[in-house]
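Asks: When you get a sec, could you give me coordinates for this:
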Amino acid sequence: MAPKILAIPHYGLGMNWTNFSSRNKILARTIFYRDNPLPEYIVGMSGFAQPWPEYSNRLKIYRSYYNGEIKIWGFSGDPARLNPPVIERRETPIHRPTENELVFVEGGEFQIGDARMIGREDERPAHNVRLTYDFHIGKYPVTCLEYSRFCQETGAEEPEGEYFPRIRKPVVYVSWIDAIAYCNWLSEREGLPPAYDRFGNLLDAVGSRTSDIDRVAGYRLPTEAEWEYAARGGNKSGDYIFAGSDEFDEVAWCFENSFDISQIVGLKSPNELGLYDMSGNVWEWCSDSSDSYRDDLEINPYEETGQLKALRGGSIREDAGGVTVTAREHAQRLYINFAVGFRIAKTAPVKEGER
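Replies: Predicted coordinates for the structure are as follows:
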């Protein structure tokens, strides 16, 4: 595709760039090109400025999405005018997820929780967990497009909120009950036994109630232990603070870089396993209930009891400290929120003679 020449109109900010914030936001929805009379619409656009008078050469407009690419434009000079020549341009391909794409995770032993002592108290004590089975986990959070097909086929109510039609964003405003219903529907589509009964209890491959997560054959939500193990990169872990990096802006969407707006999946870098959006963007439901950590080795943990279900990963509502691989939250099964979604998981089939 031939490069386009961006014509940037004057931005009337209606305010002076004085020392009241280092995160002033510029919003625009339409851009015009010199060689095309028709406008194109920006999915997300924002600007940063340093407080007066130190703003020179520090402004950038970014995340201008179109035609399958991200265009990043850099500017210098007075940010109140925004009309100097372009001094930098980078193009990064957007990762386009295929439907319900899974990543294989080999089992192993790891340390769960906040050993660095930088998180909240409920992230401690750090302790060892051993997963004796392999599993698959969603490469991305479930998107609005994927969830809309479930709604169309089952008659389930579409989520509330302005974000639902935006098909490549994570689906939000879904409860834990909604999420497990999606998992059961996906299992049925693929000829697998359901992972949950109508009360939310786990079912094994023959339909009997179980608490052994490795005996569940259908699609389900990941356990807390599976989620953190995968977020850390499994047995390829680099022991990062965030999922794939010690720098949050490389891998995570949080309040500092999203301004409380959920983002298209797959725009940040993946972690060591090739998983996207494990840090930030939206909180993700886990299958098990939230419980206090104990300072003991756990093998294939699954917390069945308790009314509060675990949420992992952090979201656009948190600062960077709230989107680490150890960040935890919990909520009632019917809780919905604009920053809560989910991703799917599935126990890998046991090879002949291994059980």
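
Asks: Check which residues of stretch 168-185 are buried.
Replies: With burial defined by 16 or more other Cβ atoms under 10 Å, the residues of stretch 168-185 counted as buried are 168-185. Quick note: C-beta positions are derived from backbone N, CA and C, even for glycine.

Asks: got it, and stretch 206-223?
Replies: Neighbour-count burial for stretch 206-223 flags 210-211, 213-223 (criterion: 16+ other Cβ under 10 Å).

Asks: same thing with stretch 272-291?
Replies: For stretch 272-291, by 16+ other Cβ under 10 Å, it's 272-273, 275-291.

Asks: Out of those, name the ones that lie in strands.
Replies: 283-289 (DSSP state E).

Asks: got these as TSV, with pLDDT columns?
Replies: Shown next, in TSV, are those (pLDDT from 0 to 100):
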residue	pLDDT
Trp283	99
Glu284	99
Trp285	99
Cys286	99
Ser287	99
Asp288	97
Ser289	97
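
Asks: how close does the closest residue to Ala345 other than its chain neighbours sit to Cys151?
Replies: Nearest residue to Ala345 in three dimensions, chain neighbours excluded: Pro222, at 3.9 Å (Cβ to Cβ, 6 or more residues apart in numbering). For Pro222, the distance to Cys151 (Cβ to Cβ, to the nearest Å) stands at 22 Å.

Asks: likewise Ile137?
Replies: 23 Å.

Asks: which one of those two has more residues nearby?
Replies: Neighbours were tallied for Ile137 and for Cys151 using other Cβ atoms under 10 Å; the higher tally belongs to Ile137 (23 against 18).

Asks: can you confirm that one is in a strand?
Replies: Yes: under DSSP: H, G, I helix; E, B strand; the rest coil, Ile137 falls within a strand.

Asks: Tell me the confidence at the closest residue to Pro159 other than its chain neighbours?
Replies: Closest residue to Pro159 apart from its sequence neighbours, by Cβ to Cβ, 6+ apart: Tyr173 at 3.8 Å. At Tyr173, the predicted lDDT confidence score is 96.

Asks: what are the phi and psi angles of Tyr173?
Replies: With angles defined as degrees, to the nearest 10, Tyr173 shows backbone torsions of phi 60, psi 40.

Asks: Isn't it up against Tyr335?
Replies: No: with contact defined as Cβ atoms under 8 Å, Tyr173 does not count as touching Tyr335 (10.1 Å).

Asks: In contact with the residue nearest to Ala345, which residues?
Replies: The contact partners of Pro222, taken as Cβ atoms under 8 Å, 6 or more residues apart in numbering, are 135, 137, 230, 284, 286-287, 343-345.

Asks: quick one: the lengthiest helix in the chain to strand 283-289, angle?
Replies: Of all segments of type helix in the chain, defined using DSSP state H, the longest is helix 176-189. With axes from the mean of the first three to the mean of the last three Cα atoms, to 10 degrees as the criterion, the two stretches helix 176-189 and strand 283-289 enclose an angle of 80 degrees.

Asks: How is the chain partitioned into domains?
Replies: What automatic domain parsing lists as the domains of the chain is 6-93, 102-347.

Asks: Out of these, which is the most enclosed?
Replies: Among the domains of the chain, ranked by average contacts under mean count of other Cβ atoms under 10 Å, first place goes to domain 102-347 (a mean of 20).

Asks: Compute the first-to-last residue distance for that one.
Replies: Using Cα to Cα, to the nearest Å, the span of domain 102-347 from its first residue to its last is 11 Å.

Asks: Any stretches of the chain with poor pLDDT?
Replies: 1-98, 161-166, 351-355 (pLDDT under 70).

Asks: redo that, cut-off 90
Replies: Filtered on pLDDT under 90, the chain yields the residue ranges 1-100, 160-167, 259, 307, 350-355.

Asks: re the thing from before, next one: the residue nearest to Pro159 from Tyr229, what distance?
Replies: The span separating Tyr173 from Tyr229 equals 28 Å under the rule Cβ to Cβ.

Asks: Repeat that for Gly119.
Replies: Applying Cβ to Cβ to Gly119 and Tyr229 gives a distance of 17 Å.

Asks: swap in Tyr240?
Replies: In this structure, Tyr240 and Tyr229 are separated by 14 Å, where distance is defined by Cβ to Cβ.

Asks: Next: Gly207.
Replies: 28 Å.

Asks: what's the straight distance from one end of stretch 105-124 to the other?
Replies: The stretch stretch 105-124 measures 24 Å between its terminal residues, going by Cα to Cα.

Asks: Where do the helices of the stretch 101-250 of the chain begin and end?
Replies: Counting by DSSP state H, counting those that start in this stretch, the segments of the stretch 101-250 of the chain that form helices are 144-154, 176-189, 224-231, 248-251.

Asks: Now do the longest one: everything it contacts.
Replies: This points to helix 176-189. Under Cβ under 8 Å, 6+ apart, the answer for helix 176-189 is 100, 142, 147, 150, 153-154, 156, 159, 174, 193-196, 200, 217-221, 285, 287, 309, 331, 333-336, 342, 344.

Asks: Start and end of stretch 304-313, how far apart?
Replies: With Cα to Cα, one end of stretch 304-313 sits 21 Å from the other.

Asks: Check stretch 227-245 too.
Replies: Distances were taken as Cα to Cα; on that basis the terminal residues of stretch 227-245 are 17 Å apart.

Asks: Would you mind listing the outside residues contacting that stretch?
Replies: Outside stretch 227-245, the residues that reach it (Cβ under 8 Å, 6+ apart) are 103, 105-106, 108, 110, 112, 116, 118, 129, 131, 137, 222, 246, 248, 250-252, 269-273, 275, 278-279, 284, 286, 312-313, 320, 323-326.
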